[in-house]
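Just a sequence and a predicted model for now, questions to come.
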Amino acid sequence: MPVLRPSLRGPWQASGCLLSVLAALAGTLLASTTTLAQTTSTTSVQRQASVAGGTGAAAGTTAARPTPAQVFANPVYQRGLALWRDENPQKFPKGSCASCHGADFFDLARGGFDDATIRRRAILDGATPEEATALIAAVRYLRSTYALPATDARNFRPFQPGGAVLEPELDRDATINEPTRFIRRDIAFGRQLTKLTPALFGAPIETLAQAHQIRDQVLAVQPRTLKTGVLYPLWSADRHFGEQFGTLNDWVADIGQAPRPDKAAAWRSLQDAYLRQPSNETFWRMYDAVGVLTAPRFTTAGNRVDEAKFRSALIGQHLMRSEALKLTDFVKPTGLAFSRLQGSPFFAQKPDILLPNPMWDFAERARVILDGDARRLAGGEVNTEAARAREALDLLGNPDFVLESVSPDQSWKDQADDIRLDWFWIGFVFDPSFARIDKSNSTIAGEYFLASLRHKRLYMHHQFVNLMSLLYRGFVPEAMKDVQDNQSANLFLPRWQIRAGEHLRDNWGENSRLQFPAALKAEHRELWIKLTGNAYRASLLIYEDEINRNRVPFRRDYTTVFDNMREHFQRYHPATAARDIALVERVRLKSNLVPQRK
């Protein structure tokens, strides 16, 4: 393993908040009126914008903003791009900036990276002072051209729903420990849901009509704008600013995806086409070519993790650019995020077609590789509670600059836990059904994601995600993997299958580490009981309706599903337990009478 000079990550990494990008992209941005040069037949969006006081504008006037093609041709931009793409291994041993961040430096412009940070990182990674100055000028040019908002790079967190985590002040109080912080945010999440889904928190439901009311309210919630207790990762974490920034849990790849030597021209051509004319078509062409035209800059056991991060960064950069250009067709306002699905010519012929979701893939691969594979490479069980994250990275064969980017005090377990929680949630908001991410049973069930929520004591998040995923799979057409004839439901396959995991838990309120008053404990308990009880009742009533209408399940439900529900009603709903348990047993009986699908 080559020993490289100390550095903090890939060619560029510092930090950050893309304020409500997904909300904006989901329909709140206004369509514009000037047609982009060379618009393709698949992109009819027109846009027009101006930069107040733009360079060269007369006093009291506004200059018309140049098209992306004109920006691309600008000499200032081109000088910065030349450094950004330089793959000379003698000069830049870690690879180019583009191999970790994306096609250009739009993320530096949007993320608020200051001149000093850009200069420091450029020179540290091999650039000359003159080249660093050229990159700074190019970043400033993009920032001015697109009138990008002022942003603090050390707080730039793309996609954070609502622009901020719930109860953000908790992060500024060093006396509050992590378990308490998560529980308090879970309470805030529950309070939010009482306004958005009041039927879930109302009186115990009894009828199918009431279950459908819950269904409609839950499906009206847009997870891409729903504030959450999950604090999203920084765009780029830079340990230069403190040990709290020494983490792998950011967007920019730690090991770059460099163009294959014989494919470099083709890769550059796809990047150029995208930068000249950003659109769904040019973006997906570039994205889909990653696995064919590029390869990891260094070979490690964790390369698949870095590829997922790089693909996530590509999507992140495109969302930032789409926000600035007012492109509103990349993600849809409701349902599964990417509009790519229904535009696929194979949708009708291949009902189980999957959607890109590298954010979820990053969490899953980190779970398998960063934790599981590192344990195996260690020759047996490792006490990850005591082990350092650097040890896992070293076992996986990462070069020194990756190890040095992580705080020496960062634990192996905490690093893996944080990545799983954050990135599974980001993946979830792009596909709340879990149905078009991967064909594995654990993904379709959301098994490890739900376990991450429970582990962090986000109990109401957990139960709401569980219910929303079932409702999406049952009632959102593009989420139904079992469709025929262009989204019409196949009557012989279920749109709905009940699922209840290990929701019963010990009394978290007795944990001495939780630091909040008894009143908050009581509020959390009441909210969780109402949410879980009505979620179970709605699940049972809707599933019973599916059985009554002769929909055949894939398989008979596990007995423990009904056992868990029965125990929940006995423990937490004594006033309605008899009626609730009768419903459980009625649906259990009907489910067992339905022929099992082989």
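Perfect, I can see it now.

CA only for contacts and neighbour counts going forward, please
Noted.

what sits against the closest residue to Asp371 other than its chain neighbours?
Nearest residue to Asp371 in three dimensions, chain neighbours excluded: Ala416, at 6.7 Å (Cα to Cα, 6 or more residues apart in numbering). By Cα atoms under 8 Å, 6 or more residues apart in numbering, the contact set of Ala416 is 366-367, 370-371.

okay, the residues you listed in CSV with distance to Pro129 next?
Shown next, in CSV, are these (distance: Cα to Cα, whole Å):
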residue, distance to Pro129
Ala366, 37
Arg367, 40
Leu370, 37
Asp371, 40
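
Just the buried residues of these.
Among the contacts of Ala416, those classed as buried by 16 or more other Cα atoms under 10 Å are 366-367, 370-371.

Stretch 269-282: which residues count as buried?
270-282.

sorry, back to before: in TSV: the contacts of Ala416, plus secondary structure, pLDDT and distance to Met359.
Output for the contacts of Ala416, formatted as TSV (DSSP: H, G, I helix; E, B strand; the rest coil; pLDDT from 0 to 100; distance: Cα to Cα, whole Å):
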residue	secondary structure	pLDDT	distance to Met359
Ala366	helix	88	11
Arg367	helix	88	13
Leu370	helix	80	15
Asp371	helix	77	17
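
Between those residues, which sits nearest Trp360?
Ala366 (9.9 Å; Cα to Cα).

right, and the closest one touches Arg420 too?
Yes - the pair Ala366 / Arg420 is scored as a contact, 7.2 Å apart, by Cα atoms under 8 Å.

Not counting residues beside it along the chain, what's closest to Trp251?
Nearest non-adjacent residue to Trp251, counting by Cα to Cα, 6+ apart: Trp235, 4.9 Å away.

what's the burial count for the one you found?
29 (other Cα atoms under 10 Å).

Show the model's pLDDT score for it.
pLDDT for Trp235: 98.

That one and Gln160, how far apart?
Using Cα to Cα, to the nearest Å, one obtains 11 Å as the distance from Trp235 to Gln160.

just Arg311 next, same as before
18 Å.

so where's the stretch 301-450 of the chain uncertain?
Regions of the stretch 301-450 of the chain meeting the criterion pLDDT under 70 cover residues 341-352, 380-386.

where along it do the helices fall?
For the stretch 301-450 of the chain, applying DSSP state H, counting those that start in this stretch gives helices covering 303-325, 340-343, 358-365, 374-377, 389-395, 400-403, 412-430, 441-444, 447-455.

so how far is the fifth one off the chain centroid?
The gap between the average C-alpha position of helix 389-395 and the chain average comes to 25 Å, counting by Cα atoms, centre = their mean, to the nearest Å.

what comes up buried for that helix?
With burial defined by 16+ other Cα under 10 Å, the residues of helix 389-395 counted as buried are 389-395.

Give me the helices and strands touching it, please.
Judged by 3 or more Cα pairs under 8 Å, 6 or more residues apart in numbering; DSSP states H and E, helix 389-395 is in contact with helix 374-377, helix 400-403, helix 412-430.

Which of these sits closest to Pro68?
helix 412-430 (27.1 Å).

tell me which residues of the helix of greatest length in the chain are tucked away?
Secondary structure assigned by DSSP state H gives helix 518-548 as the longest helix of the chain. Across helix 518-548, burial judged by 16+ other Cα under 10 Å covers 521, 524-525, 527-544, 546-547.

try stretch 373-381
Result for stretch 373-381 [16+ other Cα under 10 Å]: buried residues 373-375.

And for stretch 403-421?
Quick answer for stretch 403-421 (16+ other Cα under 10 Å): 403-407, 410-413, 415-421.

now Leu458: how far from Asp186?
Leu458 is 5 Å from Asp186, where distance means Cα to Cα.

Then Arg571?
21 Å.

out of these two, which sits in the busier spot?
For the pair Arg571 and Asp186, the greater number of neighbours falls to Asp186 (27 against 12), based on other Cα under 10 Å.

which ones are touching the more buried one?
229, 457-461, 524.

Among those, name the ones in helices.
The helices, defined by DSSP H, take in 459-461, 524 from these.

Out of the residues you listed, which is nearest to Ala253?
Closest approach to Ala253 among those (Cα to Cα): His461, at 28.4 Å.

pretty sure the closest one contacts Ala188?
No - the pair His461 / Ala188 is not scored as a contact, 10.3 Å apart, by Cα under 8 Å.

the more surrounded of those two?
Between His461 and Ala188, counting by other Cα under 10 Å, His461 is the more crowded of the two (22 against 18).

ok, the more buried one to Val218 distance?
Applying Cα to Cα to His461 and Val218 gives a distance of 13 Å.

same thing with Ile542?
Distance from Ile542 to Val218, by Cα to Cα: 14 Å.

repeat for Asp414
For Asp414 relative to Val218 (Cα to Cα), the value is 32 Å.

what's the answer for Val476, then?
12 Å.

Who has more neighbours out of the two?
Legend: neighbour count by other Cα under 10 Å for Val476 and Val218, higher for Val218 (22 against 17).

Ser442 and Leu450 touch, don't they?
No - applying Cα under 8 Å as the test, Ser442 and Leu450 come out as separate, 10.3 Å apart.

of those two, who's got more company?
A direct count of neighbours by other Cα under 10 Å for Ser442 and Leu450 places Leu450 higher, at 23 against 13.

which residues does that one contact?
Residues near Leu450 by Cα under 8 Å, 6+ apart: 462, 465-466.

Now do Ala387 against Glu364, distance only.
21 Å.

more neighbours, the two?
Shown here are Ala387 and Glu364; by other Cα under 10 Å, Glu364 has more neighbours (22 against 15).

wait, isn't that one in contact with Ile419?
No - using Cα under 8 Å, Glu364 is not in contact with Ile419, being 9.2 Å away.

Pretty sure Gly126 sits in a strand.
No - judged by DSSP: H, G, I helix; E, B strand; the rest coil, Gly126 forms no part of a strand; its state is coil.

contacting residues around it?
When contacts are counted by Cα under 8 Å, 6+ apart, Gly126 touches 91-92.

Quick check, pLDDT for it.
With respect to pLDDT, Gly126 has a value of 93.

what do you get for the one 3 residues further on?
pLDDT recorded at Pro129 is 97.

what about Lys332, how many residues close to it?
Neighbours of Lys332 (other Cα under 10 Å): 18.

if I look at it, how far off is Arg340?
In terms of Cα to Cα, Lys332 sits 10 Å off from Arg340.

One more: Gly242?
Applying Cα to Cα, the value for Gly242 to Arg340 is 40 Å.
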